[in-house]
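[1] here's my sequence, what's the structure:
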Amino acid sequence: MSKMGAYVLDQQIEEYESYHNYMGRRMREADRYEYDRDQKWHNRFMDMALLIADWSKDPSSKIGAVAVNDERRILATGYNGFPKGIEDTPERLANRPEKHQLVIHAEMNALMNALYSGVSLKGATMYVYGLPICPDCAKCVIQAGVKHVVIPTDKTDKGEWQKVWEEKSLPMFKESGVKVTVLGM
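    From the prediction side, this is the model:
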């Protein structure tokens, strides 16, 4: 190959590599844009779950849940509280054993509210603010067809919740194929 031919080939390789570097950068930018957009929506719905958590009358735990479809439409909401028609008096709320017998968790409340309204949660994303999801709620969330769970943190210092999350709920989500996103808030 002549010296001129080698120069042209080197220049073509540099242009070829530049094109691939350009495309790689564009793909990373697109991924970053998609990540930023998803993060923005995750934060919005988590803020909504926090707002709904504040509706709970439970003085020790404020938990909220929001279920949305893949078009980011709200399907159902829930917060921890007593069933419809059951009086949530200050005395009952202060009596932990009685309260624990009566309270419906936010995730379960969201599932029941969807059922009550005739709304399917198949393929939905559920945002849960407050505590990591307990095993009973995890089973029902999985059974309802929810495919993605978003929580602000997977850490808590409240009782046995951390251990129960790591040893029971999270493994169920993983085995069933439910994606879990921890926002790290």
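[2] for the residue lying closest to Leu131 once chain neighbours are set aside, give me phi and psi.
    In space, and not counting its chain neighbours, Leu131 is closest to Trp161: 5.4 Å by C-beta to C-beta, 6 or more residues apart in numbering. The C-beta positions use only the backbone N, C-alpha and C, and glycine is treated the same way. When read as degrees, to the nearest 10, the backbone of Trp161 gives phi -60, psi -40.
[3] need the contact list for Trp161.
    Each residue near Trp161 by C-beta atoms under 8 Å, 6 or more residues apart in numbering is listed here: 131-132, 134.
[4] output those residues in a markdown table; the columns should cover neighbour count, distance to Val119 and pLDDT.
    Converted to a markdown table, the contacts of Trp161 look like this (neighbours: other C-beta atoms under 10 Å; distance: C-beta to C-beta, whole Å; pLDDT from 0 to 100):
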| residue | neighbour count | distance to Val119 | pLDDT |
| --- | --- | --- | --- |
| Leu131 | 22 | 25 | 87 |
| Pro132 | 24 | 25 | 89 |
| Cys134 | 16 | 23 | 94 |
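[5] so which helix or strand takes in Ala76?
    strand 74-79 (DSSP states H and E).
[6] show me what the next helix-or-strand element following that strand is packed against.
    Moving toward the C-terminus from strand 74-79, the next helix or strand (DSSP H and E) is helix 90-94. When contacts are defined as 3 or more C-beta pairs under 8 Å, 6 or more residues apart in numbering; DSSP states H and E, helix 90-94 sits against helix 96-102.
[7] who's in contact with the helix it packs on?
    With C-beta under 8 Å, 6+ apart, helix 96-102 has contacts from 58, 60, 82-83, 86, 92-93.
[8] and the residue lying closest to Ile151 once chain neighbours are set aside, how close does it get to Glu98?
    Nearest in space to Ile151, with sequence neighbours left out and distances taken as C-beta to C-beta, 6+ apart, is Val128 at 5.3 Å. Using C-beta to C-beta, to the nearest Å, one obtains 24 Å as the distance from Val128 to Glu98.
[9] between the two, tell me which one has more neighbours.
    Val128 (26 against 12; other C-beta atoms under 10 Å).
[10] who touches that one in this structure?
    49, 63-65, 106-107, 149-151.
[11] what of Tyr127?
    So Tyr127 contacts 42, 45-46, 48-49, 65-68, 150-151 (C-beta under 8 Å, 6+ apart).
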